[in-house]
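Peer 1: Generate a structure from the sequence data that follows.
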Amino acid sequence: MKLSIHLALRYLRSSDRASFSSFAGKLAIIGLGVGIAALILTAAIYKGFEDTISNKIAGFDGHIRIQDFLGRPIPNNLVGLDSILFDFSLKHPDAQIKSFVQGPAMMRKGLNAEGIILEGLNGKELPAALNKIIVGGNGELSEKTIIIGKRLADAYQLIVGDPFVVFDLSSMTDITGMKRLTQFTIGGIFHSGLVEYDNSMVYTRIEDAQYLLNMNEEISGNIIYLNNTEFQSAAEEIESRLGYPYYTLTWKEKHHTLFKWLAVQKFPILLIFGMIALVAIVNIISALTMIVLEKIRSIGSLQAIGLSRRSIISLFLVKGMIIGLAGSIFGLILALFFGWVQMKYHILSIAEDIYFMDHIPVSFDFSQILIIIIFGTICSLLASLWPTNIASRVKPAEALRYE
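Peer 2: Next up is the predicted model:
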């Protein structure tokens, strides 16, 4: 085996300028590297899109919401529900549980009015996921203070500290003619890149939302924020103890159409870029075949001095594996470099209105990278079988006939 490795490396490092097979071997390594890099970057960009959208949506909707099946208000401090949430918080100490009140409303600034979704949260500030996207002011939930999206703020030329009035839509059709309204002050502005949320979601204290939406001590439900990805099993755990009319809704269930579309796109995208790697595999077959044809006399000489057919086979299999490993490592370095440049400098930008982000995100999954590298190496090994078969059938007498 040591002899096979030595000879394989020697053939690849051949310094003979007239040796086209040596150049073809290096070209095969570069080609495979480009193919592997394309596959790794494609998988990383897909994961980046999925992670970015997931984190943004989970930040707004929470990982799990507990609501009434018919959308009716839930009495605050409901004994059975409070008991379930208390037990859940003991099992999941990192979970953040917030009561919320949500309803449609109308905001007015001067002569301009806009429909909004008003959401009141308990606690002194926004959840950590929403606090991260505050671009003006802060995320504190103080009395008669409101936090709005940047698109909404830009549309009405609002800045932190500006006052505006919010109406409860249901009171505008009240037979008494008494409109419920509150004058709020903008305490913070967030920017997520999700147009639907940046244009319409408005956050305030739960007490102010309860007053404006005429919900007294009632709530719309509870939001649970988790620090791990096991939200589905956590939702099932809670729902198993909930009785009708309450149910759980995860952010992924709420937006299942979007994530189903993303899942459908994954296979064809990877397949298309995988074709680049397959072209590189063909180059490996060509390179090894050229080496066999160019070194046919050397193969004959080796056999003449006693090198076995098995050793010849192992020689070219090792050569194929070396090309595969070298190409895969080169591709990995290439992918990590370009991925790092994109993550740091955001060179490739995209339309935020369409893609919910202003640059192409990159998120490496090292388990995927390992699979791709193993795939590239195995394919290189398989690609070397045909040239190896040719080399193993060389007869010393014919190879050295004219020597």
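
Peer 1: quick one: contacts for the residue nearest to Pro75 when sequence neighbours are not counted?
Peer 2: Distance criterion Cβ to Cβ, 6 or more residues apart in numbering; nearest residue to Pro75, sequence neighbours excluded, is Glu218 at 6.0 Å. Heads up, the C-betas are built off the backbone N, CA and C, glycines and all. Counting by Cβ atoms under 8 Å, 6 or more residues apart in numbering, Glu218 makes contact with 73-76, 101, 210.

Peer 1: for these, which one is nearest Phe231?
Peer 2: Ile74 (20.8 Å; Cβ to Cβ).

Peer 1: Please report the distance of the closest one from Ile238.
Peer 2: Computed as Cβ to Cβ, to the nearest Å, the Ile74 to Ile238 distance reads 14 Å.

Peer 1: ok, now Leu258?
Peer 2: 24 Å.

Peer 1: So which of the two has more stuff around it?
Peer 2: Counted by other Cβ atoms under 10 Å, Leu258 and Ile238 do not tie: Ile238 has more neighbours, with 20 against 14.

Peer 1: one step back: in strands, which of the contacts of Glu218 appear?
Peer 2: 74-75, 101 (DSSP state E).

Peer 1: Can I have the buried ones of those as a ChimeraX selection?
Peer 2: Restricted to buried positions by 16 or more other Cβ atoms under 10 Å, the ChimeraX selection for the ones in strands among the contacts of Glu218 reads:
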select :74,101
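
Peer 1: all helices of the stretch 1-150 of the chain, in order?
Peer 2: 2-12, 20-61, 79-91, 128-131, 150-155 (DSSP state H, counting those that start in this stretch).

Peer 1: just the strands in this protein please.
Peer 2: Taking DSSP E as the criterion, the chain carries its strands at 64-68, 74-75, 96-109, 112-121, 134-137, 145-149, 163-168, 181-190, 201-205, 218-219, 221-225, 246-250.

Peer 1: so how far is the first one off the chain centroid?
Peer 2: The offset between the C-alpha centroid of strand 64-68 and the centroid of the whole chain comes to 26 Å, using Cα atoms, centre = their mean, to the nearest Å.

Peer 1: Pass me the low-pLDDT residue ranges in the stretch 201-350 of the chain, would you?
Peer 2: Along the stretch 201-350 of the chain, segments meeting pLDDT under 70 span 228-229.

Peer 1: In JSON lines, list the ones in strands among the contacts of Glu218 along with distance to Pro361 and pLDDT.
Peer 2: What follows is the ones in strands among the contacts of Glu218, written out as JSON lines (distance: Cβ to Cβ, whole Å; pLDDT from 0 to 100):
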{"residue": "Ile74", "distance to Pro361": "37", "pLDDT": "92"}
{"residue": "Pro75", "distance to Pro361": "42", "pLDDT": "88"}
{"residue": "Val101", "distance to Pro361": "33", "pLDDT": "96"}
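
Peer 1: Distance to Leu27 for the ones in strands among the contacts of Glu218 - can I get that in CSV?
Peer 2: Shown next, in CSV, are those (distance: Cβ to Cβ, whole Å):
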residue, distance to Leu27
Ile74, 67
Pro75, 73
Val101, 65
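
Peer 1: what about stretch 73-82, how long is it end to end?
Peer 2: 15 Å (Cα to Cα, to the nearest Å).

Peer 1: What are the contacting residues of that stretch?
Peer 2: 66-68, 99, 215, 217-222, 242-243, 246.

Peer 1: Counting neighbours, show which residues of that stretch come out buried.
Peer 2: Neighbour-count burial for stretch 73-82 flags 73-74, 76, 81 (criterion: 16+ other Cβ under 10 Å).

Peer 1: Give me the lowest-pLDDT entry from those residues.
Peer 2: Within those, Asn76 has the lowest pLDDT, namely 80.

Peer 1: Ala128 versus Ser192, what's the distance?
Peer 2: For Ser192 relative to Ala128 (Cβ to Cβ), the value is 14 Å.

Peer 1: Neighbour count: those two, which is higher?
Peer 2: It is Ser192, of Ser192 and Ala128, that has more neighbours when counted by other Cβ under 10 Å, with 25 against 12.

Peer 1: can I assume the more buried one is in contact with Lys56?
Peer 2: Yes: with contact defined as Cβ atoms under 8 Å, Ser192 reaches Lys56; the gap is 5.2 Å.

Peer 1: overlap in contacts of the two?
Peer 2: Applying Cβ under 8 Å, 6+ apart, one finds that Ser192 and Lys56 are jointly contacted by 133, 356.

Peer 1: For the strands of the chain, state which one has the densest average packing.
Peer 2: Most buried of these, by mean neighbour count (mean count of other Cβ atoms under 10 Å): strand 145-149, with a mean of 25.

Peer 1: Given that strand, what are its sheet partners and their directions?
Peer 2: Strand pairing for strand 145-149, determined by DSSP bridges: strand 181-190 (parallel), strand 201-205 (antiparallel).

Peer 1: looking at these, which is closest to Gln342?
Peer 2: Nearest to Gln342, of all the strands paired with strand 145-149, is strand 181-190, at 24.8 Å by Cβ to Cβ.

Peer 1: Show me the helices in the stretch 151-300 of the chain, by range?
Peer 2: Under DSSP H, counting those that start in this stretch, the stretch 151-300 of the chain gives helices at 195-200, 206-212, 231-239, 251-254, 256-294, 296-304.

Peer 1: Relative to Val34, which of the ones you listed is closest?
Peer 2: Within these, the stretch nearest Val34 is helix 256-294; the backing value is 6.8 Å (Cβ to Cβ).

Peer 1: Let me see the contact set for Val195.
Peer 2: Counted by Cβ under 8 Å, 6+ apart, Val195 has contacts 151, 352-353, 356.

Peer 1: Relative to Ile224, how far out is the nearest residue to Leu152 once chain neighbours are set aside?
Peer 2: Excluding its sequence neighbours, the residue lying closest to Leu152 (Cβ to Cβ, 6+ apart) is Asn199, at 5.7 Å. In this view, Asn199 and Ile224 are 26 Å apart by Cβ to Cβ.
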